[in-house]
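Undergrad: how would this look folded up:
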Amino acid sequence: MKRMTKLQGFYAVVILALFLLPLFVHNQYVLHLGIMTFLFITIAIGWNILGGYTGQISFGHASFFGIGAYTTAILWLRMGIPPLLTIPLGGLLAAVFGIIWGYPLLRLRGYFFAIATIGVGEATRVLASFWESLTGGSSGLTLPVPKVFSKVPFYYEMLIIAFLVFLLSVWIYNSKFGLGLFAIKDDIDASETLGINTPFYKIMALAVSGFIVGIGGSFYAQYIFYVEPGDVFSFEKSVNLILINIVGGVGTIFGPVFGALIFLVLQEFVLVLFPNLHLLVYGLLLVLIIIYQPNGLAGLIEFVKRKIRKKKHVGGT
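TA: Numbers count the residues shown, from 1 in each chain. Below you'll find the predicted structure:
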């Protein structure tokens, strides 16, 4: 109980510090790093609910991100709806899209499902590229930039979204629904034998996952004021979500958080030092983690904590 109280106090201090940061730090680049970190955390959590909790590895989550981004862009640019109000709509459309293609594809298992999601992601990108009347095609859509621009509102907006999404992931992890997802991940046949409605659970996991990534895409559109199919629907974005979770720890609560922090550092500095080799660096990192620390940074931290507790226990006796 005492340990839990200390942890809760630590989390409260971290959250308070993040909320107070813009009051003391006025550097726009630092605020940008914070915004992108919260965005990465959000969409990585979205992928983790399907890929980590349920074990359904998807290489097509950029389709959710792109749908969220274009929902905001189209509703804002052509219908005049305030961008903040379009965020839940972007998530909702992404979730509906996930249910539509998930119903037939979630019958596939393992590598077959993963390969099928690549097809979904690429098909969505190609469709968006050729549907110029709606998406602007390869030219994309440019959104209106306000005369007075500050990153502070975006910082708080993304921080709140990331915090709420994190709480949702914690609730799912500890809920009966989450227990069913992990059971499906461990053994889908045994889950069905135990009476778990596996098709429903997988569809719901995909819908929640798509919703979260969709709201991330919606925010992205209003933050950079430009959307283009080659960016928001890119296969690289789908791969990045997998990389973030593998680095942080697939199927863990804090894995997406740790992975997003490391990925941000890599993205900001590796791209500067090795602009043409960043994908190679990402690939090498991925291989090293899979070989030496398959449970990611979250798994490594748990391992170290167990070692420390074991030493204290031995020392106490």
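Undergrad: Run a quick neighbour tally on Gln56.
TA: Residues within reach of Gln56, counting by other CB atoms under 10 Å, total 26. Any C-beta I mention is one placed from the backbone N, CA and C, and that applies to glycine too.
Undergrad: neighbours around the nearest residue to it once chain neighbours are set aside, how many?
TA: In space, and not counting its chain neighbours, Gln56 is closest to Leu50: 5.2 Å by CB to CB, 6 or more residues apart in numbering. Using other CB under 10 Å, the number of residues around Leu50 comes to 27.
Undergrad: Phe64 is in contact with Leu50, correct?
TA: No: with contact defined as CB atoms under 8 Å, Leu50 does not count as touching Phe64 (10.1 Å).
Undergrad: Mind listing the shared neighbours of those two?
TA: Shared contacts of Leu50 and Phe64, defined by CB atoms under 8 Å, 6 or more residues apart in numbering, comprise Ser209.
Undergrad: Show me where the stretch 201-317 of the chain has its helices.
TA: Shown for the stretch 201-317 of the chain, the helices assigned by DSSP state H, counting those that start in this stretch span residues 229-232, 235-248, 255-273, 278-292, 296-316.
Undergrad: With mean pLDDT and mean neighbour count added, can I get the ones you listed in JSON lines?
TA: Rendered in JSON lines, the data for the helices of the stretch 201-317 of the chain read as follows (pLDDT from 0 to 100; neighbours: other CB atoms under 10 Å):
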{"stretch": "helix 229-232", "mean pLDDT": "94", "mean neighbour count": "20"}
{"stretch": "helix 235-248", "mean pLDDT": "92", "mean neighbour count": "22"}
{"stretch": "helix 255-273", "mean pLDDT": "85", "mean neighbour count": "19"}
{"stretch": "helix 278-292", "mean pLDDT": "77", "mean neighbour count": "13"}
{"stretch": "helix 296-316", "mean pLDDT": "73", "mean neighbour count": "13"}
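Undergrad: TSV for the ones you listed, including distance to Pro88?
TA: Output for these, formatted as TSV (distance: least, CB to CB, whole Å):
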stretch	distance to Pro88
helix 229-232	18
helix 235-248	21
helix 255-273	21
helix 278-292	32
helix 296-316	29
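Undergrad: I would like the residues contacting stretch 177-197, please.
TA: Applying CB under 8 Å, 6+ apart, the set of residues contacting stretch 177-197 from outside is 49, 53-55, 109, 171-172, 198, 201-202, 204-205, 251.
Undergrad: Just the buried ones from those residues?
TA: By the neighbour-count criterion of 16 or more other CB atoms under 10 Å, those include these buried positions: 49, 53-55, 172, 198, 201-202, 204-205, 251.
Undergrad: If we only consider those, which is nearest to Val281?
TA: Here the nearest of the buried ones among the contacts of stretch 177-197 to Val281, counting by CB to CB, is Gly251; it sits at 24.9 Å.
Undergrad: And the furthest pair within the contacts of stretch 177-197?
TA: In the contacts of stretch 177-197, the most distant members under the criterion CB to CB are Arg109 and Trp171, with 27.1 Å between them.
Undergrad: what about stretch 28-41, average pLDDT?
TA: Confidence for stretch 28-41, expressed as mean pLDDT, is 94.
Undergrad: and that stretch, how far from the chain's centre?
TA: Taking the mean of its C-alpha atoms, stretch 28-41 sits 14 Å from the chain's own mean (CA atoms, centre = their mean, to the nearest Å).
Undergrad: So what touches that stretch?
TA: Under the contact criterion CB under 8 Å, 6+ apart, stretch 28-41 has outside partners 18, 21-22, 25, 151-152, 154-155, 158-159, 161-162, 165-166, 216, 219-220, 223, 244, 256-257, 259-261, 263-264, 268.
Undergrad: Would you mind writing the CA trace of that stretch as CSV?
TA: Extracted C-alpha coordinates of stretch 28-41, given in CSV (Å, rounded to 0.1, in the frame of the first residue of the first chain):
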residue,chain,number,x,y,z
GLN,A,28,8.5,26.9,-29.2
TYR,A,29,10.8,24.0,-30.2
VAL,A,30,10.6,22.5,-26.7
LEU,A,31,6.8,22.8,-26.8
HIS,A,32,6.8,21.2,-30.2
LEU,A,33,8.7,18.2,-28.9
GLY,A,34,6.2,17.9,-26.1
ILE,A,35,3.3,18.0,-28.5
MET,A,36,4.8,15.4,-30.8
THR,A,37,5.6,13.2,-27.8
PHE,A,38,2.0,13.2,-26.6
LEU,A,39,0.9,12.5,-30.1
PHE,A,40,3.2,9.5,-30.5
ILE,A,41,2.1,8.2,-27.1
